[in-house]
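Colleague: after the sequence you'll find the predicted model.
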Amino acid sequence: MKPTDAELEILHVLWANGPSTVRQVHENLSQSRDIGYTTALKLMQIMHEKGLLTRDTDPERNSRSHTYSAAVTEEDTQRGLVDRFVETAFRGSASKLVMQVLGQHKASRQELDEIKDLLSRLDSE
């Protein structure tokens, strides 16, 4: 399941902060963009229906207060988004993606070393 950009923002908040109420997610998102509480609520309800979030009732508050958690991992989500992006934008060529990224953005020495290490590990498999 590919999350929308707005859904991905909510997932980032939950991955970073753990289980949260709609109010907590809304407060976090409001720091960087203008989003209404009801918009955040509706998005999270839709995400729950799509299986992107799980929802628990908070017994200490009331039956209307829910705590949401990400039902998908950040790694699995990133993998799915990258796979789809490589297939659609680069016709399945990972090398074209890497060449485009490295040609467009200056990689730090540490990033280049990490890339070299990864390539060495892949080459020895």
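Modeller: All right, it came through fine. Note that the coordinates shown come from a computational prediction; the quantities given were computed from them, not determined experimentally. Numbering: from 1, shown residues only.

Colleague: right, and the helix or strand after the least confident helix or strand in the chain by mean pLDDT?
Modeller: The weakest-scoring helix or strand in the chain, judged by mean pLDDT, DSSP states H and E, is helix 94-104 (a mean of 88). Downstream of helix 94-104, the first helix or strand assigned by DSSP states H and E is helix 109-124.

Colleague: now the nearest residue to P19 once chain neighbours are set aside. Its backbone dihedrals?
Modeller: Take P19 and drop its neighbours on the chain: the residue closest to it by CB to CB, 6 or more residues apart in numbering is S69, 4.4 Å away. Just so you know, the C-beta spots here come from the backbone N, C-alpha and C atoms, and that holds for glycine as well. Main-chain torsions, S69, degrees, to the nearest 10: phi -130, psi 150.

Colleague: spit out the contact partners of S69.
Modeller: By CB atoms under 8 Å, 6 or more residues apart in numbering, the contact list for S69 reads L14, G18, P19, L53, T54, R55, D56.

Colleague: again with I46
Modeller: Contact analysis of I46 by CB under 8 Å, 6+ apart lists E7.

Colleague: and it, what element?
Modeller: Element membership for I46, per DSSP H and E: helix 37-50.
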